[in-house]
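**Student:** coordinates only, sequence not included:
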């Protein structure tokens, strides 16, 4: 059973991932491509499509590793925001912001699962130590 915060974080995770996918496609094909008419850099969206299904299904494992994958886009966003000019720099800041929100939402969504896993691990250790002492 999910609480209200977890539901909000789930929708934040899904929403920012979808916005990031749209941003990357539009950025490299229409808004500020490296070359007129579009750029092969649009392929950077492909890794974002890999965890999409698992995130939509609320798969905890997929959410865990995608929280690390998103850091690549955080890095790209900050580099392009500070090194590009004009619209491309602005889009870099948007990418940076979206990845920050995604990361915060996914970590907050996963927190109760992490807490429960720690509790189960502690119980298992406690049971094992009780059996060993008898």
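**Tutor:** Looks like it came in fine. Since the structure is predicted, the reported quantities are computational estimates derived from the model, not experimental observations.
**Student:** other SSEs contacting the helix of greatest length in the chain?
**Tutor:** Among the segments of the chain that qualify as a helix by DSSP state H, the longest is helix 87-133. The contact analysis (3 or more C-beta pairs under 8 Å, 6 or more residues apart in numbering; DSSP states H and E) places helix 87-133 against helix 4-26, helix 60-83. C-beta: built from backbone N, CA, C; applies to glycine.
**Student:** what's the following helix or strand after the shortest one?
**Tutor:** Later in the chain than helix 4-26, the nearest helix or strand by DSSP states H and E is helix 46-49.
**Student:** tell me the first helix or strand C-terminal of that following helix.
**Tutor:** Heading C-terminal from helix 46-49, the first helix or strand you meet, by DSSP H and E, is helix 52-56.
**Student:** remind me what that next one packs against, helices and strands.
**Tutor:** When contacts are defined as 3+ C-beta pairs under 8 Å, 6+ apart, helix 52-56 packs onto helix 4-26, helix 60-83.
**Student:** what's the first-to-last distance across stretch 32-39?
**Tutor:** Stretch 32-39 stretches 9 Å from its first residue to its last (C-alpha to C-alpha, to the nearest Å).
**Student:** give me the angle between the longest helix of the chain and helix 60-83.
**Tutor:** Between helix 87-133 and helix 60-83, the angle comes out at 150 degrees (axes from the mean of the first three to the mean of the last three C-alpha atoms, to 10 degrees).
**Student:** so for residue 121, which of the helices and strands packed on helix 87-133 sits nearest?
**Tutor:** Judged by C-beta to C-beta, the one of the helices and strands packed on helix 87-133 that comes nearest to residue 121 is helix 60-83, at 15.3 Å.
**Student:** give me the contact list for the closest one.
**Tutor:** Identification of contacts with helix 60-83 by C-beta atoms under 8 Å, 6 or more residues apart in numbering yields 13, 17, 20, 24, 44, 47-48, 50-51, 53-55, 88-100, 102-103, 106-107, 109-110, 113.
**Student:** brilliant, that's me finished.
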